[in-house]
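**Student:** kindly generate the corresponding structure for this input.
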Amino acid sequence: MTKIGACVRAKILVSGHVQGVGYRAFACRTAASRGLTGGVENLDSGQVALDVEGPREALEELLVDLKKGPVGARVSQVQVEWSRATGRHHDFTIW
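**Tutor:** Sure thing, here's the model as predicted:
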């Protein structure tokens with residue numbers, strides 16, 4: 001397990017056609033495969049929100065994948081807010 005001090009937190013907001021296309025499951029698999037922790041959820045606005053923690057490099061790689069999304073998704077924008085890791089999550093889940 002990576003030490004919290006070596007990790008960062010990213011609050012990510014994904015816009016576009018990202019609901020009803022398996023985007024949350026895609027994001028969960030992709031984040032978990034990189035050893036990241038946190039969760040993903042659909043918002044009433046039609047966007048998908050992620051709260052992710054882990055090494056900055058792994059988060060940057062995740063962002064590249066999130067901009068592509070799964071087949072059927074059309075991502076128009078990915079916004080990121082960086083902060084310190086909290087260490088409160090132990091795995092990555094769909095909320």
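**Student:** quick one: what helix or strand has the nearest residue to Thr30 once chain neighbours are set aside in it?
**Tutor:** Once flanking residues are discounted, Thr30 sits nearest to Asp65: 5.0 Å by C-beta to C-beta, 6 or more residues apart in numbering. C-betas here are computed from N, CA, C, even on glycine. Element membership of Asp65, judged by DSSP states H and E, is helix 56-68.
**Student:** so which elements touch that helix?
**Tutor:** strand 7-17, helix 23-33, strand 48-55, strand 74-84 (3 or more C-beta pairs under 8 Å, 6 or more residues apart in numbering; DSSP states H and E).
**Student:** how far is it from where the chain is centred?
**Tutor:** A distance of 8 Å separates the centroid of the chain from that of helix 56-68, by C-alpha atoms, centre = their mean, to the nearest Å.
**Student:** quick one, that helix and helix 23-33 angle?
**Tutor:** Interaxial angle of helix 56-68 relative to helix 23-33 (axes from the mean of the first three to the mean of the last three C-alpha atoms, to 10 degrees): 160 degrees.
**Student:** give me the beta-bridge partners of the spatially closest residue to Asp91 that is not a sequence neighbour?
**Tutor:** Excluding its sequence neighbours, the residue lying closest to Asp91 (C-beta to C-beta, 6+ apart) is Thr37, at 6.0 Å. Taking DSSP bridges as the rule, Thr37 bridges to Glu53.
**Student:** tell me the contacts of Thr37?
**Tutor:** Val52, Glu53, Gly54, His89, His90, Asp91, Phe92 (C-beta atoms under 8 Å, 6 or more residues apart in numbering).
**Student:** list only buried entries from those residues.
**Tutor:** Using 16 or more other C-beta atoms under 10 Å as the burial test, the contacts of Thr37 include Val52, Glu53, Gly54, His89, Phe92 as buried.
**Student:** the fourth one: what secondary structure?
**Tutor:** What DSSP: H, G, I helix; E, B strand; the rest coil gives for His89 is coil.
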